[in-house]
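Everything below, folded, please.
(chains A and B)
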Number of protein chains: 2
Amino acid sequence: MASSEVTQVSTNKMFGGYQKVYSHESKETKCTMKFGIYLPPQVEEGKKLPVLYWLSGLTCTEQNFITKAGAQKAAAEHGIIIVAPDTSPRGCNIEGETDSYDFGAGAGFYVDATEEKWKTNYRMYSYVTKELPEVISRNFPALPDKQSIFGHSMGGHGALICALKNPGQYKSVSAFAPISNPVSCPWGLKAFTGYLGDNKENWEEYDACCLVKKYNGPPLSLLVDQGKADNFYTDGQLLPENLVKACAESKMPIISRLQEGYDHSYYFIATFIEDHIKHHANALNA
Amino acid sequence: MASSEVTQVSTNKMFGGYQKVYSHESKETKCTMKFGIYLPPQVEEGKKLPVLYWLSGLTCTEQNFITKAGAQKAAAEHGIIIVAPDTSPRGCNIEGETDSYDFGAGAGFYVDATEEKWKTNYRMYSYVTKELPEVISRNFPALPDKQSIFGHSMGGHGALICALKNPGQYKSVSAFAPISNPVSCPWGLKAFTGYLGDNKENWEEYDACCLVKKYNGPPLSLLVDQGKADNFYTDGQLLPENLVKACAESKMPIISRLQEGYDHSYYFIATFIEDHIKHHANALNA
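Residues are numbered from 1 along each chain as shown, chains lettered A, B, ... in the order given. Sure, this is the predicted structure:
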């Protein structure tokens, strides 16, 4: 079904459908990008299906989610395509690109960089919200008006801002341990300074807590799960309480759950992934 | 609950229980061994629980199964502990130990080696069937008379021979794409020559097809899943048809399923893992 615009890297049958990985030349990031796509068995009936985007966290590629989250079973049951892109451009030969785990390669933070050094390639916001959905629509049996988005940690931040900045584009949004208020945590300070420069007003365009207050679109029901034993939570990198407060002030519905004993890992994600996919299926199949 | 005999390497809450990794000093392999253990939520009720052993395939450590198979959900539902050991001794400084992916480190083949160079450390058969169950019983709330075993590829071979050589020790056995007749395939020829020497009579002690014919114990219901798109199947490394034939000749019940389109990967395992855990739960909770 896919055109020459995308190149199949791998294909594995799973739960009656296929977990595939493709690469393509991105106009936004000006490099080769990979994404995982799970095509559930309903694809073989010739149906067009809803698409759920997954955004991964720091250090991840497209592989982490597709091998560890256990999402495919519920996707097959609900007839949903799941697309999981890489977390940054790769191999752009920008000096310092691979020096740290929390900036540069593997750490695109889902922003469009404005700083000179990064602005040519590090355009993950436009890649995820515009280019990738177009690539998916052109090459796979996707319903372009039935999209939702979720993610983990840096990717939870990404999912929240993509949904909040594009009212109506996503039918639902959810996140596992999202970086909820990046303008106020060390990871966000480092990334936003590096990609966006020193003017903090520009940072607010990519901060879920700031964006919730400005949101003016159709109702978005947010679902957020946070492990209480997550060391990044206790270190103040995630700040889910700030998101709950911002939602309360803005009368934005949010289901925010603190999960006793769970940490930041894919073991936590796998435990609750079925809940999240049901949340999205309710919105996508409505 | 665990004594100083075992050292906790990691612990992650998952599906209400805990996925842990431990290391310990093995008397059989004379080196430090690691194993994964999933303790389902029923452990916290103070119950002793059945134990299901998982044996992994070539190149794997204890990590592959615990991160990729998605077994913990069904283990939690059925109240079963799952123990997943490493696939060989490690770091024994035997010349050539890490030269190939299919012999030496990561490729213990679940035999007790007799060749001089390997016989001191490469005793995975005794490790899996004797030492490890004793370590588990001493350190975790395990029911010592409620054990079952399953595995993948080299580990499917391991599961079959452990059950067939020890009538009554395991309540049930199953395998994904097992090396069913190692005396007749290239992987088996290489491994058995290396570990056991040139006398092929000794090899038959570790070959499921040969052992089925000699089995004289309580009924064992075998469950085997094999992907039809598995390149190792089409290359003649797995030979499930020989196992089906040996079972038929010996009137050993076997459910042998050829799964259209599935390959040798953990995507295949994850698809059918729930079926296998139900198979074992039926035997263990009987």
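
Tell me what the spatially most central residue of chain A is bridged to.
The residue lying closest to the centre of chain A (CA atoms, centre = their mean) is A:Leu55, at 2.2 Å. Legend: beta-bridge partners of A:Leu55 under DSSP bridges are A:Gly151.

so who does it touch?
A:Leu55 is in contact with A:84-85, A:87, A:110, A:128, A:149-152, A:154-156, A:158-159, A:162, counting by CB atoms under 8 Å, 6 or more residues apart in numbering or on different chains. Where C-beta positions appear, they are placed from N, C-alpha and C, glycine not excepted.

In strands only, show me those residues.
Judged by DSSP state E, the contacts of A:Leu55 include A:Ala84, A:Pro85, A:Ile149, A:Phe150, A:Gly151, A:His152 as members of strands.

Pull out the buried members of the contacts of A:Leu55.
Among the contacts of A:Leu55, those classed as buried by 16 or more other CB atoms under 10 Å in any protein chain shown are A:84-85, A:87, A:110, A:128, A:149-152, A:154-156, A:158-159, A:162.

Looking at the residues you listed, which one is closest to B:Asn139?
A:His152 (32.9 Å; CB to CB).

which residues sit in contact with that closest one?
A:Trp54, A:Leu55, A:Ser56, A:Gly57, A:Phe65, A:Ala175, A:Phe176, A:Ala177, A:Pro178, A:Ile269.

Test my guess that the fifth one contacts A:Gly36.
What it means is A:Phe65. Yes. Contact criterion CB atoms under 8 Å: A:Phe65 and A:Gly36 qualify, at 6.6 Å.

overlap in contacts of the two?
Counting by CB under 8 Å, 6+ apart, the residues touching both A:Phe65 and A:Gly36 are A:Ala84.

Can you name the residues of chain A sitting close to chain B?
Within reach of chain B by CB under 8 Å from any CB of the partner chain, chain A has these residues: A:12-16, A:19, A:67-68, A:70, A:72-73, A:227, A:229, A:261-263, A:265-268, A:270-271.

go again using 10 Å as the cut-off
A:10-19, A:38, A:64, A:66-73, A:76, A:227-229, A:259-274 (CB under 10 Å from any CB of the partner chain).

hmm, back to that, I'd like the contacts of A:His152 laid out as JSON lines, including pLDDT and distance to B:Leu196.
Converted to JSON lines, these look like this (pLDDT from 0 to 100; distance: CB to CB, whole Å):
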{"residue": "A:Trp54", "pLDDT": "98", "distance to B:Leu196": "47"}
{"residue": "A:Leu55", "pLDDT": "98", "distance to B:Leu196": "51"}
{"residue": "A:Ser56", "pLDDT": "98", "distance to B:Leu196": "45"}
{"residue": "A:Gly57", "pLDDT": "98", "distance to B:Leu196": "47"}
{"residue": "A:Phe65", "pLDDT": "98", "distance to B:Leu196": "42"}
{"residue": "A:Ala175", "pLDDT": "98", "distance to B:Leu196": "54"}
{"residue": "A:Phe176", "pLDDT": "98", "distance to B:Leu196": "48"}
{"residue": "A:Ala177", "pLDDT": "98", "distance to B:Leu196": "50"}
{"residue": "A:Pro178", "pLDDT": "98", "distance to B:Leu196": "54"}
{"residue": "A:Ile269", "pLDDT": "98", "distance to B:Leu196": "43"}
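
Centre of chain A to the edge, which residue is at the far end?
A:Glu45 (28.1 Å).

quick one: which of the contacts of A:His152 is nearest to B:Ala248?
So of the contacts of A:His152, ranked by how close each gets to B:Ala248 (CB to CB), first place is A:Phe65, at 43.0 Å.

pretty sure A:Asp102 is in contact with A:Ala191, am I right?
Yes. A:Asp102 is within contact range of A:Ala191, at 6.9 Å (criterion: CB atoms under 10 Å).

of the two, who's got more company?
A:Ala191 (29 against 17; other CB atoms under 10 Å in any protein chain shown).

What separation do you get for that one and A:Trp118?
10 Å (CB to CB, to the nearest Å).

Give the residues shared as contacts by these two.
A:Phe103, A:Gly104, A:Gly108, A:Val111 (CB atoms under 10 Å, 6 or more residues apart in numbering or on different chains).

Check those residues and tell me the two furthest apart.
Longest span within these, CB to CB: A:Gly104 and A:Val111, 12.8 Å.

joint contacts of these two?
A:Trp118, A:Tyr122, A:Ala191, A:Gly194, A:Tyr195.

can you tell me which of the residues you listed lies nearest to chain B?
Nearest to chain B among the shared contacts of A:Gly104 and A:Val111: A:Ala191, at 26.4 Å, using CB to the nearest CB.

Which pLDDT value belongs to the closest one?
As predicted, A:Ala191 sits at a pLDDT of 98.

again, but for the one 4 residues further on
The per-residue pLDDT reported for A:Tyr195 equals 98.

Angles on the backbone of the closest residue to it other than its chain neighbours, please.
Closest residue to A:Tyr195 apart from its sequence neighbours, by CB to CB, 6 or more residues apart in numbering or on different chains: A:Ala113 at 4.0 Å. Note on A:Ala113: backbone dihedrals following degrees, to the nearest 10 are phi -60, psi 150.

Wait, A:Ala113 touches A:Glu97, no?
No. Between A:Ala113 and A:Glu97 there is no contact under CB under 10 Å: 12.0 Å.

anything in contact with each of these two?
Joint contacts of A:Ala113 and A:Glu97 (CB under 10 Å, 6+ apart) are A:Asn121, A:Tyr122.

Now the biggest helix by length in chain A: buried residues?
Ranked by number of residues, the top helix in chain A under DSSP state H is helix A:266-284. Residues of helix A:266-284 classed as buried: A:266-274, A:276-277, A:279-281, A:283-284 (neighbour count, 16+ other CB under 10 Å).

So the residue nearest to A:Tyr195 versus chain B, what's the distance?
Distance, A:Ala113 to chain B, using CB to the nearest CB, to the nearest Å: 32 Å.

How about the contacts made by that residue?
With CB under 10 Å, 6+ apart, A:Ala113 has these contacts: A:119-125, A:191-192, A:194-197.

if you set the cut-off to 8 Å instead, what comes out?
A:Ala113 touches A:Lys119, A:Asn121, A:Tyr122, A:Arg123, A:Tyr195, A:Leu196, counting by CB under 8 Å, 6+ apart.

Ramachandran angles for the third one?
Backbone torsions of A:Tyr122, given as degrees, to the nearest 10, read phi -80, psi 80.

What count of nearby residues applies to it?
With other CB under 10 Å as criterion, A:Tyr122 counts 31.

helix or strand for A:Met33, which one?
strand A:32-39 (DSSP states H and E).

Given that strand, what are its sheet partners and their directions?
Strand A:32-39 has these strand partners (DSSP bridges): strand A:17-25 (antiparallel), strand A:81-85 (antiparallel).

Can you tell me which of those is packed in deepest?
strand A:81-85 (a mean of 26; mean count of other CB atoms under 10 Å in any protein chain shown).

Measure how far it is from the centre of its chain, please.
Its chain's C-alpha centre and that of strand A:81-85 lie 9 Å apart, by CA atoms, centre = their mean, to the nearest Å.

quick check: angle from it to helix A:266-284?
130 degrees (axes from the mean of the first three to the mean of the last three CA atoms, to 10 degrees).

average pLDDT for whichever helix or strand comes after strand A:81-85?
Where DSSP H and E defines the elements, the next helix or strand beyond strand A:81-85 is helix A:124-126. For helix A:124-126, mean pLDDT is 98.
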